[in-house]
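J.: Structure of the sequence below:
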Amino acid sequence: MTISKLRSSKDYFDQVLKPNYLAFANSPSTFQLVYNTAAPLFHMHEWVFNLDKAKAEAALGVTFQKKSDVWSEVRNAVPNAGFIRDIANSSKHVALTHSSTSMTHSANTFIVDSTLSGGATLSGTLRLSTPNVVAIEGEPAVSFDACAAGVYNFWEGLVRQL
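T.: Sure, this is the predicted structure:
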(Lines give C-alpha, C1' and ligand atoms only; values in the text may rest on other atoms or scores of the structure.)
Protein backbone atom coordinates (compact mmCIF):
# COMPACT_ATOMS: atom_id res chain seq x y z
CA MET A 1 0.00 0.00 0.00
CA THR A 2 1.21 3.49 -0.82
CA ILE A 3 0.11 6.53 1.13
CA SER A 4 0.51 9.94 -0.45
CA LYS A 5 0.35 13.23 1.41
CA LEU A 6 0.64 16.87 0.53
CA ARG A 7 3.46 17.97 2.82
CA SER A 8 4.35 21.37 1.37
CA SER A 9 3.04 24.14 -0.82
CA LYS A 10 5.25 22.69 -3.58
CA ASP A 11 3.37 19.39 -3.27
CA TYR A 12 0.05 21.27 -3.53
CA PHE A 13 1.34 23.19 -6.55
CA ASP A 14 2.65 20.08 -8.32
CA GLN A 15 -0.25 17.75 -7.54
CA VAL A 16 -3.29 20.07 -7.45
CA LEU A 17 -2.73 23.54 -8.86
CA LYS A 18 -0.52 22.73 -11.85
CA PRO A 19 -2.62 19.83 -13.25
CA ASN A 20 -5.82 21.87 -12.94
CA TYR A 21 -4.25 24.93 -14.56
CA LEU A 22 -2.74 22.89 -17.43
CA ALA A 23 -6.07 21.16 -18.03
CA PHE A 24 -7.71 24.58 -18.29
CA ALA A 25 -4.97 26.11 -20.47
CA ASN A 26 -4.90 23.19 -22.91
CA SER A 27 -8.62 22.51 -23.32
CA PRO A 28 -11.70 24.32 -24.52
CA SER A 29 -13.07 26.30 -21.59
CA THR A 30 -15.83 24.89 -19.42
CA PHE A 31 -17.10 26.09 -16.08
CA GLN A 32 -15.76 22.90 -14.54
CA LEU A 33 -12.25 23.81 -15.68
CA VAL A 34 -12.65 27.47 -14.69
CA TYR A 35 -13.75 26.70 -11.14
CA ASN A 36 -11.27 23.82 -10.74
CA THR A 37 -8.51 26.22 -11.77
CA ALA A 38 -9.60 29.29 -9.80
CA ALA A 39 -9.87 27.49 -6.45
CA PRO A 40 -6.27 26.22 -6.19
CA LEU A 41 -4.89 29.42 -7.78
CA PHE A 42 -6.51 31.36 -4.94
CA HIS A 43 -6.05 28.91 -2.08
CA MET A 44 -2.37 28.37 -2.78
CA HIS A 45 -1.70 31.37 -0.51
CA GLU A 46 -3.01 29.38 2.45
CA TRP A 47 -0.67 26.48 1.71
CA VAL A 48 2.27 28.86 1.44
CA PHE A 49 1.37 30.62 4.70
CA ASN A 50 0.71 27.45 6.68
CA LEU A 51 3.50 25.23 5.36
CA ASP A 52 6.26 27.41 3.91
CA LYS A 53 5.86 30.83 5.48
CA ALA A 54 9.52 31.42 6.41
CA LYS A 55 10.80 30.28 3.01
CA ALA A 56 8.24 32.44 1.18
CA GLU A 57 9.09 35.45 3.34
CA ALA A 58 12.76 35.00 2.48
CA ALA A 59 12.05 34.53 -1.22
CA LEU A 60 9.80 37.58 -1.44
CA GLY A 61 11.63 39.77 1.07
CA VAL A 62 8.51 40.44 3.15
CA THR A 63 6.98 39.37 6.46
CA PHE A 64 3.54 37.76 6.64
CA GLN A 65 1.39 38.34 9.72
CA LYS A 66 -1.65 36.56 8.31
CA LYS A 67 -2.47 34.41 5.30
CA SER A 68 -4.14 37.29 3.48
CA ASP A 69 -0.74 39.02 3.43
CA VAL A 70 0.45 36.29 1.05
CA TRP A 71 -2.51 36.91 -1.24
CA SER A 72 -1.74 40.65 -1.10
CA GLU A 73 1.67 39.90 -2.62
CA VAL A 74 -0.05 38.12 -5.49
CA ARG A 75 -2.49 41.01 -6.01
CA ASN A 76 0.40 43.50 -6.03
CA ALA A 77 2.28 41.45 -8.62
CA VAL A 78 -0.55 40.35 -10.94
CA PRO A 79 -3.03 42.77 -12.51
CA ASN A 80 -6.64 41.71 -11.91
CA ALA A 81 -5.66 38.82 -9.60
CA GLY A 82 -8.65 39.72 -7.46
CA PHE A 83 -10.85 38.08 -10.07
CA ILE A 84 -9.26 34.72 -9.27
CA ARG A 85 -10.38 35.09 -5.65
CA ASP A 86 -13.85 36.26 -6.61
CA ILE A 87 -14.41 33.51 -9.19
CA ALA A 88 -13.20 30.88 -6.70
CA ASN A 89 -15.53 32.23 -4.03
CA SER A 90 -18.49 32.66 -6.39
CA SER A 91 -18.16 29.01 -7.38
CA LYS A 92 -18.90 28.13 -3.76
CA HIS A 93 -21.16 30.92 -2.54
CA VAL A 94 -22.84 32.02 -5.83
CA ALA A 95 -23.44 35.57 -4.56
CA LEU A 96 -20.52 37.55 -3.16
CA THR A 97 -20.97 39.84 -0.18
CA HIS A 98 -17.25 40.63 0.23
CA SER A 99 -15.72 40.72 -3.23
CA SER A 100 -12.30 42.13 -4.05
CA THR A 101 -13.48 43.38 -7.45
CA SER A 102 -16.83 44.62 -8.69
CA MET A 103 -17.99 41.01 -9.20
CA THR A 104 -21.09 40.34 -7.17
CA HIS A 105 -22.28 36.98 -8.45
CA SER A 106 -21.18 33.85 -10.30
CA ALA A 107 -23.21 35.16 -13.23
CA ASN A 108 -20.44 37.75 -13.72
CA THR A 109 -18.34 34.92 -15.18
CA PHE A 110 -19.14 33.67 -18.63
CA ILE A 111 -17.53 31.86 -21.55
CA VAL A 112 -17.27 33.48 -24.97
CA ASP A 113 -16.83 31.10 -27.88
CA SER A 114 -14.71 32.74 -30.57
CA THR A 115 -15.71 30.23 -33.26
CA LEU A 116 -17.64 31.86 -36.08
CA SER A 117 -20.03 30.04 -38.37
CA GLY A 118 -18.17 27.74 -40.72
CA GLY A 119 -15.40 27.13 -38.18
CA ALA A 120 -13.55 30.44 -38.71
CA THR A 121 -12.21 32.10 -35.60
CA LEU A 122 -11.60 35.64 -34.44
CA SER A 123 -8.01 36.69 -34.02
CA GLY A 124 -6.53 38.74 -31.22
CA THR A 125 -6.32 37.96 -27.55
CA LEU A 126 -8.87 35.14 -27.58
CA ARG A 127 -7.67 31.54 -27.64
CA LEU A 128 -8.44 30.62 -31.23
CA SER A 129 -11.28 28.17 -31.76
CA THR A 130 -11.72 27.67 -28.03
CA PRO A 131 -13.92 29.64 -25.67
CA ASN A 132 -12.40 32.47 -23.64
CA VAL A 133 -13.51 32.98 -20.06
CA VAL A 134 -14.47 36.51 -19.16
CA ALA A 135 -15.29 38.24 -15.90
CA ILE A 136 -17.05 41.58 -16.06
CA GLU A 137 -15.97 44.61 -14.07
CA GLY A 138 -17.89 47.22 -15.99
CA GLU A 139 -16.16 47.79 -19.29
CA PRO A 140 -13.92 46.41 -20.61
CA ALA A 141 -14.31 42.76 -19.79
CA VAL A 142 -11.46 41.10 -17.88
CA SER A 143 -9.96 37.89 -19.26
CA PHE A 144 -9.83 35.03 -16.76
CA ASP A 145 -7.28 33.37 -19.05
CA ALA A 146 -4.86 36.28 -18.54
CA CYS A 147 -5.52 36.49 -14.79
CA ALA A 148 -5.06 32.74 -14.37
CA ALA A 149 -1.80 32.76 -16.35
CA GLY A 150 -0.44 35.64 -14.28
CA VAL A 151 -1.29 34.04 -10.94
CA TYR A 152 -0.03 30.64 -12.11
CA ASN A 153 3.28 32.20 -13.15
CA PHE A 154 3.58 33.95 -9.77
CA TRP A 155 3.10 30.68 -7.88
CA GLU A 156 5.36 28.73 -10.23
CA GLY A 157 8.15 31.28 -9.70
CA LEU A 158 7.70 31.27 -5.93
CA VAL A 159 7.60 27.47 -5.66
CA ARG A 160 10.95 27.27 -7.46
CA GLN A 161 12.44 29.38 -4.63
CA LEU A 162 11.00 27.34 -1.75
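J.: what element comes up after the biggest helix by length in the chain heading to the C-terminus?
T.: Scanning the chain for the longest helix, with DSSP state H as the assignment, gives helix 31-60. Following helix 31-60 in sequence order, the next helix or strand is helix 67-77 (DSSP states H and E).
J.: what separates the longest helix of the chain from the chain centre, distance-wise?
T.: Taking C-alpha atoms, centre = their mean, to the nearest Å, the mean C-alpha location of helix 31-60 is offset from the chain mean by 9 Å.
J.: What of stretch 53-72?
T.: The answer for stretch 53-72 is 18 Å, by C-alpha atoms, centre = their mean.
J.: any idea of the mean pLDDT for that stretch?
T.: Confidence for stretch 53-72, expressed as mean pLDDT, is 98.
J.: contacts for it?
T.: Ser9, Phe42, His45, Glu46, Val48, Phe49, Asn50, Glu73, Arg85, Leu158, Gln161, Leu162 (C-beta atoms under 8 Å, 6 or more residues apart in numbering). In this view, the C-beta of every residue, glycine as well, is placed from N, C-alpha and C.
J.: Next SSE downstream of the helix or strand bottoming out on mean pLDDT in the chain?
T.: Lowest on mean pLDDT, DSSP states H and E among the helices and strands of the chain sits strand 131-136, with a mean of 58. Next in sequence after strand 131-136, counting helices and strands by DSSP H and E, comes strand 141-143.
J.: Adjacent strands (with direction) for that following strand?
T.: strand 131-136 (antiparallel) (DSSP bridges).
J.: so Ser4, which of the three states?
T.: State at Ser4, reduced to three classes by DSSP: H, G, I helix; E, B strand; the rest coil: coil.
J.: Let me know how buried it is, in neighbour terms.
T.: 7 (other C-beta atoms under 10 Å).
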